[in-house]
Structures are given as C-alpha cells and as structure tokens.
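Undergrad: missing the sequence, but the structure's below:
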Ligand code: ZN
Ligand code: MN
Ligand code: MN
C-alpha cells in the first residue's frame, strides 16, 4: 500500500503559502487551509508573489496534497435569494482562488435549507453549482468536495444518499465529489466503532456515491454520541469514536491515496496536531506507510515562527 497523506488544517497567517511551512514543520505531507478569512464573504485579491512562493515551496517542503475549505458563510441551499446569490458569488470566488494556487479540491458545506425542506434545499444547491460551474469554466480542474455533515438543524448532506441526490442534479458531475469527516459521519449515525458498522457505511458509500467519489477525509474524534447530530470535534482517541474507527480507515486499502486531515482543537503552537498525528501513526499497521517526516517524532511545541 502507498504512503499515507496525513496532515491538519493550518493557519494562513502571513500568507496562504505559510500554511505549507506550518504543515512541513510538524512533518506532515498534506494540508488543509482557507484561501482567505473564512468568516468573510470576500477577500483581498490573490497575492501573485504568494502564489509564486507556493509553487516553489510545496515541492521543496514535501507537501504532496493541499485542499482548501470554503467560507462557513456560504449557504447554497438558502431559500433567501439575496443570501443564495451572495453564496454563489462567494463559492465561485473560492474556486478561482484555489485554481490560482493549483489546489484541485475545495471542501464545501452543502448548505442548510432553513425551513424550505430537504427537496427544495437539494435542488437549490445543485442549481447553484450549475451556475457556478458555468461562470468558472477556467477552473474546471478544481473540484468542489461536498462535505458529509453531522445533520445539525436543517443542514443537508448528513447521509450519502442526500449527497448523491445533489450530485445527480449537477450537470458537470466531474466537478463535484465528496469529503467525508469521521466526526460528522459518526454523529450522523454511521458507527465507525465496529467492523459491522464500518462495513455498512462502506457499502452505503459505494451504493450511493461510489467510493472513488470520496476524495478527502477529515479526521476528528467526536464529542457527540453516535447519531446525536452534534458537530463537536475532539482529539483522536479522546472522543466517542475512539482509536478503532481511525484504525479501520487508516488501514483500509480502499482509501489509498486519499488524504486524512485533522480539524481537531489546537492553540497557536502546533503541539496538539503533533500529538494527534502521532496517535494516528501508532494506528498504522505497516510502518512503511507513515509519511517520512512523521517517522521520527518532531519536537512538540516547536512553532514555525
Ligand atoms: Zn467543513
Ligand atoms: Mn470537516
Ligand atoms: Mn465539523
């Protein structure tokens, strides 16, 4: 089996490309980042000097995979025309930013119908994606990864069947795929703690969207119980999922080549990421698959600045 792609969500303080330095400083070979402030609708123009630095540093630092996460404000399922239009523009902008950095995947929360109902919300998301795709034909290589969600409130995408129904209504289906999240799927009712529960989830993924449609994993333990629909991330092995769920995914050959990225709580320094990645590496059956930088533990707490 191939070397794992392991990493975490990293800050872009000082420039988008600085996320690469942070990822490399803890020995990881994959990274997730925001291409701008994730709590704002729009960001500054793309910094061409930073793009140049990105293209030079990514191979130099041994970062093999990068994915961006779209703004939390975007709601392509909104029945409110003003919010929907704003969301369409914002996600088109996210795709253009990612494209500038040659980032091929942009994770997006599918959206919340806020009362209009599941069917209407799903149709709205697909309509938005069709509009966005038509407006960003130059970014066709940048794929939106609809994230599997915990299902809090009117949030859509808590089942792989719902994600399939969105994808079905998208015209350019090669431009849309799925990001799975261990905390979210567990909170949505998929029991990663047992072989039977994991097998049932894998069967459902294969049946609904196809395994190859899943292009990225978020690795978070869950504070919420199985099926609680509560989206609260915690450290690997310290939540309701426990080590076994991560062991199953890490060592399943069907996930070869798919990056696994932490979105677990952390402070300014990266000691929490170092600890969580070390826990994941301990769960890898074949040590040869551990990314080179993670084979000898780096000094916990060593900051890139
Ligand atoms: Zn997310
Ligand atoms: Mn996630
Ligand atoms: Mn979450």
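TA: Looks like it arrived, so ask away. Quantities reported herein were computed from a predicted structural model and do not represent experimental measurements. Numbers count the residues shown, from 1 in each chain. Ligands and ions are numbered 1, 2, ... in the order given.
Undergrad: okay, CA-based contacts and neighbour counts for the rest of this
TA: Noted.
Undergrad: list the buried ones in stretch 143-155?
TA: Buried residues in stretch 143-155, counted by 16 or more other C-alpha atoms under 10 Å: 143, 144, 145, 146, 147, 148, 149, 150, 151, 152, 154, 155.
Undergrad: Stretch 285-292 too?
TA: With burial defined by 16+ other C-alpha under 10 Å, the residues of stretch 285-292 counted as buried are 289, 290, 291.
Undergrad: Stretch 167-178 now?
TA: Result for stretch 167-178 [16+ other C-alpha under 10 Å]: buried residues 167, 169, 170, 171, 175, 176, 177, 178.
Undergrad: Strands along this protein, start to end?
TA: Using DSSP state E, the strands of the chain run over 6-9, 30-33, 65-69, 105-108, 143-147, 176-181, 214-219, 221-222, 233-234, 259-262.
Undergrad: I'd like those strands written out as a markdown table, with mean pLDDT added.
TA: Listed next are the strands of the chain as a markdown table, based on pLDDT from 0 to 100:
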| stretch | mean pLDDT |
| --- | --- |
| strand 6-9 | 98 |
| strand 30-33 | 98 |
| strand 65-69 | 98 |
| strand 105-108 | 98 |
| strand 143-147 | 99 |
| strand 176-181 | 98 |
| strand 214-219 | 98 |
| strand 221-222 | 98 |
| strand 233-234 | 98 |
| strand 259-262 | 98 |
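Undergrad: Out of those, flag the one nearest residue 117.
TA: strand 143-147 (18.7 Å; C-alpha to C-alpha).
Undergrad: Tell me where the stretch 101-250 of the chain has helices.
TA: Assigned by DSSP state H, counting those that start in this stretch, the helices in the stretch 101-250 of the chain fall at 118-135, 160-168, 182-187, 195-208, 243-250.
Undergrad: Export those to TSV and append columns for distance to residue 234 and mean pLDDT.
TA: TSV is the format used below for the helices of the stretch 101-250 of the chain (distance: least, C-alpha to C-alpha, whole Å; pLDDT from 0 to 100):
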stretch	distance to residue 234	mean pLDDT
helix 118-135	29	98
helix 160-168	23	98
helix 182-187	9	98
helix 195-208	20	98
helix 243-250	12	98
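Undergrad: Just send the ones you listed back as CSV, with distance to residue 72 too.
TA: Below are those laid out as CSV (distance: least, C-alpha to C-alpha, whole Å):
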stretch, distance to residue 72
helix 118-135, 15
helix 160-168, 18
helix 182-187, 16
helix 195-208, 25
helix 243-250, 26
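Undergrad: winner for burial among those?
TA: helix 182-187 (a mean of 29; mean count of other C-alpha atoms under 10 Å).
Undergrad: For it, enumerate the helices and strands it packs against.
TA: Packing partners of helix 182-187 (3 or more C-alpha pairs under 8 Å, 6 or more residues apart in numbering; DSSP states H and E): strand 214-219, strand 221-222.
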